[in-house]
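Novice: need a structure here:
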Amino acid sequence: MAEPPPRVRTFHARNGRVTQRSATTLDRLWPHFGLDVGEGVVDLAGVFGTRTPVVLELGFGKGEATVAAASRDRLTPVLAVDVHAPGVLALMRQCERGSLNHVKVVHGDGVALLSEAIEADCLAGMRAYFPDPWPKTRHHKRRLIRPDLVALAASRIRPGGFLHAATDWPHYAQQMLAVLTAEPLLGNDHPGFAPRPLERPLTRYEERGIAAGRAIYDLQFRRV
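Specialist: Numbering: from 1, shown residues only. Down below sits the predicted model:
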């Protein structure tokens, strides 16, 4: 089993403003869609009421891609984690509207969740769409797709499961490809970058990148 990596923050601490009305909505929706993670490994089968392997989403922004994927596949449980409260609320509101009861939301650090609460070889797959690129060289150690975190993530995915990432930063894309290729527990589904999967929903962030003329890079790897 991969050792938990040193705790290096991989996210900006942008909590955003949550109004009293939003806080009330958050309190109402949390028992249905929220998941409080304490000490020890989470009993995913108990949480979701099924032994079907779970897909983990690391960082979901406002939740559009999560909702689109969960609406298309209502049989696969989804555990979505993000640190930003407004995004957590936005996702839970969409889950309520779409009756997406197979989605659970964690408000917290995805790296801590992987390190402390997810057991080895249990996930059906993992998605990391447009993680923070940390463009300054001195901040590259904070990137989500780096050797120690990829080794940890790969150890949590069951054999045959997937790891799907996407970015619109060329330098980060090249680093992602190199790091994922170097991980012995992962194999690339494509020679290099993957064609954009038709099933991957378009995110607002991606739309802005396309409008700005930036290329989109997808990477699809599989646990061996």
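Novice: where do the helices of the protein begin and end?
Specialist: 20-33, 44-48, 64-72, 85-98, 110-116, 147-156, 170-182, 204-211 (DSSP state H).
Novice: mind checking those helices for the one nearest to residue 123?
Specialist: Evaluated with C-beta to C-beta, the helices of the chain place helix 147-156 nearest to residue 123, the distance being 5.3 Å. C-beta: built from backbone N, CA, C; applies to glycine.
Novice: pull the CA atoms of the closest one into CSV?
Specialist: Output of helix 147-156 as CSV, limited to C-alpha atoms (Å, rounded to 0.1, in the frame of the first residue of the first chain):
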residue,chain,number,x,y,z
PRO,A,147,4.3,11.4,-8.0
ASP,A,148,3.5,10.9,-4.4
LEU,A,149,-0.2,11.7,-4.8
VAL,A,150,-0.6,9.6,-7.9
ALA,A,151,1.0,6.6,-6.2
LEU,A,152,-1.5,7.1,-3.3
ALA,A,153,-4.5,7.5,-5.7
ALA,A,154,-3.5,4.5,-7.8
SER,A,155,-3.3,2.3,-4.6
ARG,A,156,-6.9,3.2,-3.8
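Novice: next, the buried residues of it.
Specialist: Neighbour-count burial for helix 147-156 flags 148, 149, 150, 151, 152, 153, 154, 155, 156 (criterion: 16 or more other C-beta atoms under 10 Å).
Novice: tell me the one among those nearest to residue 29.
Specialist: residue 156 (26.9 Å).
Novice: tell me the contacts of the closest one?
Specialist: Contact analysis of residue 156 by C-beta atoms under 8 Å, 6 or more residues apart in numbering lists 56, 114, 118, 119, 120, 121, 122, 123, 126.
Novice: between those, which has the most around it?
Specialist: Counting neighbours by other C-beta atoms under 10 Å, residue 56 comes out on top of the contacts of residue 156 with 27 neighbours.
Novice: so what's the nearest residue to residue 190 once chain neighbours are set aside bridging to?
Specialist: Closest residue to residue 190 apart from its sequence neighbours, by C-beta to C-beta, 6 or more residues apart in numbering: residue 220 at 6.2 Å. Residue 220 has the following beta-bridge partners by DSSP bridges: residue 164.
Novice: residues in contact with residue 220?
Specialist: By C-beta under 8 Å, 6+ apart, the contact set of residue 220 is 162, 163, 164, 188, 189, 190, 194, 197.
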